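Visitor: Sharing a model prediction with you, sequence too.
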Amino acid sequence: MIAAGPTLDRYVPLLGNEVEELRALARPLAGAEVLMVNSTAVGGGVAELLGRVVPLLEELNLRAEWQVFAGGKDFFEVTKAFHNALHGGAFHGGPEAFEVFRSYSERNLARLHLDREFVVIHDPQPVAAIDGRPAGPGHWVWRCHIDLSNPNPAVWEFLQPWVVRYDAAVFSSPSFARQLPCPQYLFYPSIDPLADKNRTLEPSFVRSVLEHYGIDPGRKLLVQISRFDRLKDPVGVVRAYRIVKRYFDCQLVLAGGTADDDPEGAAVLDETREAAAGDPDIHLLQLPPDSPLEINALQTAATIVIQKSLREGFGLTVAEALWKKKPVVASAVGGIPTQVVHKQTGLLAHSVEGTAYQIRYLLAHPELAARLGAQGHEHVREQFLITGNVKRYLCLFLHMRGKL
Ligand code: UDP
């Protein structure tokens, strides 16, 4: 089930001593049984993360394992409705929805093997696994990847009795957390520098992607990679670009997934097309769902990466761009200011005009742009890499054993 991930040795050229640090931290945990539980084996950021973290923990001599909480279509309909409601949306389900959740949870308890020293349950779907907690010294962690700051009360009241029984909760941002009776920890989302989306590409490949999409490799390129979603403000990006274009020759790429099966996405794409009309230097690209190498190539080719979101969770595209040493101009929303420290690792803006101003400033000051990119890369290396995520797990486990 678990695809073999890269080995620790492959991170050494990128991270040097930090790999040794991981080995040292893991030494006292050799043989410790760790279980990760989520609700999908493939698809989605959590499965992608576990597919890398679990093999790395194994390589560090922990007995790490990943089990999947199984559900049918009805279960996932309910948990999708929970997900939206936990983000503050309305909840239209009734007692039947709660019953579906309970009944799948019971069936899963009968098949999961939960007798491990460290059990990490990811997100709300398998949260009821704590009902199967064996007596004994095991440590139970709830790793919540979503924003719980403003949940729909009906759904939160239903889930809370399970959540409060965990020994610790881990959130991706201080602003996502809730008051809970257990200690809470902060683990930032992370990117894998060896994944196709982030590894260093051959210049010839980057050039071939640009040629494929009709982009001129010899001219300045502004890039935003994002779903065609109003909250990513693609029209605002076009307007900012049009201001910049009065002063600098440049091209713009807005690349997002295909919007065909998402009515709202299609509408946003139409609005963006309209805003972009008449300028052959604006490229609106609809990428197939799984296009990590194309995304990597576009980010790598960018002169400046933009992330002009109106609201944002963490904004992984920012970490991806910074890792590629790109100067980033981004909105000061959600998790972006954690990554883009203004004038240190990029420039922040609050409006179309502000975004255009910062882009112009960077185009006029390439040495500053290069410095911000280099510092951004270091910031990601220190805070937002998957190896740092592994390190946080090791520290948490040591702490729970009372050894840190
Ligand atoms: N991404 C992608 N295809 C697209 C647009 C984005 O694969 O068409 C990737 C992007 O590289 C990033 C992730 O999807 O890794 C988006 O995460 P982010 O936190 O930036 O935004 P979200 O879409 O989750 O709001």
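Guide: Structure received. Numbering: from 1, shown residues only.

Visitor: CA atoms for contacts and neighbours, from now on please.
Guide: Will do.

Visitor: show me where the stretch 201-350 of the chain has helices.
Guide: Listed in chain order, the helices of the stretch 201-350 of the chain (DSSP state H, counting those that start in this stretch) span 203-212, 234-245, 263-276, 292-301, 316-323, 336-339.

Visitor: Deepest in the core, which of these is it.
Guide: Scoring those by mean neighbour count under mean count of other Cα atoms under 10 Å gives helix 316-323 as the most buried, with a mean of 25.

Visitor: Who are the packing partners of it?
Guide: Counting contacts by 3 or more Cα pairs under 8 Å, 6 or more residues apart in numbering; DSSP states H and E, helix 316-323 packs against helix 292-301, strand 304-307, strand 328-331, helix 336-339, helix 366-383.

Visitor: redo that, cut-off 6 Å
Guide: helix 366-383 (3 or more Cα pairs under 6 Å, 6 or more residues apart in numbering; DSSP states H and E).

Visitor: Tell me the helix or strand right after the helix it packs on.
Guide: Per DSSP states H and E, the first helix or strand lying C-terminal to helix 366-383 is helix 386-400.

Visitor: Distance to the ligand added to the helices of the stretch 201-350 of the chain, as JSON lines?
Guide: What follows is the helices of the stretch 201-350 of the chain, written out as JSON lines (distance: least, Cα to the nearest ligand atom, whole Å):
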{"stretch": "helix 203-212", "distance to the ligand": "15"}
{"stretch": "helix 234-245", "distance to the ligand": "12"}
{"stretch": "helix 263-276", "distance to the ligand": "11"}
{"stretch": "helix 292-301", "distance to the ligand": "6"}
{"stretch": "helix 316-323", "distance to the ligand": "4"}
{"stretch": "helix 336-339", "distance to the ligand": "10"}
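
Visitor: Gln286: which of those helices is closest?
Guide: helix 263-276 (9.3 Å; Cα to Cα).

Visitor: packing partners for that closest one?
Guide: Using 3+ Cα pairs under 6 Å, 6+ apart: helix 263-276 touches no other helix or strand.

Visitor: Could you pull up the mean pLDDT of it?
Guide: Mean per-residue pLDDT for helix 263-276: 93.

Visitor: cool, stretch 391-403 as well?
Guide: 95.

Visitor: What residues of that stretch count as buried?
Guide: Within stretch 391-403, the residues scored as buried using 16 or more other Cα atoms under 10 Å are 391-398, 400.

Visitor: Relative to Gly71, which of those residues is nearest.
Guide: Tyr393 (26.9 Å).

Visitor: From the ligand, how far off is that closest one?
Guide: 21 Å (Cα to the nearest ligand atom, to the nearest Å).

Visitor: Equivalent analysis for Glu20, please.
Guide: Glu20 is 28 Å from the ligand, by Cα to the nearest ligand atom.

Visitor: Near that residue, how many other residues are there?
Guide: 14 (other Cα atoms under 10 Å).

Visitor: again with the one 5 residues further on
Guide: The tally of other residues near Leu25 (other Cα under 10 Å) stands at 16.

Visitor: Leaving out chain neighbours, which residue sits closest to it?
Guide: Leaving aside its sequence neighbours, Leu25 sits nearest to Leu394 (Cα to Cα, 6 or more residues apart in numbering; 6.6 Å).

Visitor: As a check, name the ranges of all strands in this protein.
Guide: Assigned by DSSP state E, the chain shows strands spanning 33-38, 63-68, 118-122, 139-143, 168-171, 184-186, 221-225, 251-257, 282-287, 304-307, 328-331, 347-349.

Visitor: Poorly predicted segments of the stretch 1-150 of the chain, please.
Guide: For the stretch 1-150 of the chain, applying pLDDT under 70 flags the ranges 1-6.

Visitor: need the contact list for the closest residue to Gly89 other than its chain neighbours.
Guide: Leaving aside its sequence neighbours, Gly89 sits nearest to Asn152 (Cα to Cα, 6+ apart; 6.4 Å). Counting by Cα atoms under 6 Å, 6 or more residues apart in numbering, Asn152 touches 85-86, 88.

Visitor: What residues does the chain have near the ligand?
Guide: 225-227, 256-257, 287, 289, 314-317 (Cα under 6 Å from any ligand atom).

Visitor: Would you mind listing which of these are buried?
Guide: So, by 16+ other Cα under 10 Å, the buried ones in the residues of the chain next to the ligand are 225-227, 256-257, 287, 314-317.

Visitor: what's the neighbour count on the nearest residue to Glu312 once chain neighbours are set aside?
Guide: Distances taken as Cα to Cα, 6+ apart place Gly334 nearest to Glu312, at 4.7 Å, with adjacent residues excluded. The number of residues packed near Gly334 is 17, by other Cα under 10 Å.

Visitor: Mind pulling up the pLDDT for the residue most central in space within the chain?
Guide: What sits nearest the mean C-alpha location of the chain, by Cα atoms, centre = their mean, is Leu316, with 4.6 Å. With respect to pLDDT, Leu316 has a value of 93.

Visitor: Gly256: what's it in contact with?
Guide: 225-228, 286-287.

Visitor: what's the residue lying closest to Ala370 once chain neighbours are set aside sitting at in phi/psi?
Guide: Nearest residue to Ala370, sequence neighbours excluded (Cα to Cα, 6+ apart): Pro327, at 6.7 Å. Pro327 adopts backbone torsions of phi -70, psi 130, taken as degrees, to the nearest 10.

Visitor: so what's the nearest residue to Pro183 once chain neighbours are set aside up against?
Guide: Spatially, and ignoring its direct neighbours in sequence, Pro183 is nearest to Ala168 (5.1 Å; Cα to Cα, 6+ apart). Shown in contact with Ala168 (Cα under 6 Å, 6+ apart): 141, 182-184.
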